[in-house]
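Colleague: Structure for the following, please:
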Amino acid sequence: MERPTGVTVLAVLSFIFAGLCVCVAFGAMVGGAVLASMVASMPATFVGAGAVIVAGICFFFAVLYGVDGYGLLKLQNWARILTIVVAGLSLLFAAFGALAALSHLQVLFLFRELLIIAVDVLVLTYLLKPHVKQAFGATGF
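Modeller: All right, here's what the predicted structure looks like:
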């Protein structure tokens, strides 16, 4: 069976997210280095350490998204499950973000969170459709 178009789109988006994560990681490293070199004090050390931590987290997610995109292109069922898990976690965090936006009456933030929720729901329903599961060779979940 050939790869469904939606799976190819999700794989390309995963590669784009991986690239964005790498860009943010490099930005954090450069920004942290610049800030740390501008001020020779103890807070500058914490800024540099914080930048390294942010860069490490971004590199982790870059690898995660890159591997996920590759697995989706190769129709590996573990990649479909990984995408479901990531979309589910994103949905959970977006729901909390929407509640926070409601409590602080931040309309633009609420709109952003509702958009993320809509996209996550679309991704989850698509990956759980029978023809998509069949393309991955999945028999159960």
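
Colleague: CA atoms for contacts and neighbours, from now on please.
Modeller: Will do.

Colleague: which residues does residue 136 contact?
Modeller: Applying Cα atoms under 8 Å, 6 or more residues apart in numbering to residue 136 gives the contacts 75, 76, 77, 80.

Colleague: can you do 10 Å?
Modeller: Applying Cα atoms under 10 Å, 6 or more residues apart in numbering to residue 136 gives the contacts 1-4, 7, 72, 74-80, 127, 130.

Colleague: Residue 27 too?
Modeller: Contacts of residue 27 by Cα under 10 Å, 6+ apart are 21, 33, 51, 54, 55.

Colleague: and if you look at residue 39?
Modeller: residue 45.

Colleague: cool, residue 4 as well?
Modeller: With Cα under 10 Å, 6+ apart, residue 4 has these contacts: 73, 75, 131, 132, 135, 136.

Colleague: how far is the host helix or strand of the fifth one from where the chain is centred?
Modeller: Under DSSP states H and E, the secondary-structure element containing residue 135 is helix 130-136. Distance of helix 130-136 from its chain centroid, counting by Cα atoms, centre = their mean, to the nearest Å, is 23 Å.

Colleague: Around residue 36, how many other residues sit close by?
Modeller: 20 (other Cα atoms under 10 Å).

Colleague: host element of it?
Modeller: Going by DSSP H and E, residue 36 is part of helix 5-38.

Colleague: All good on my end, thank you.
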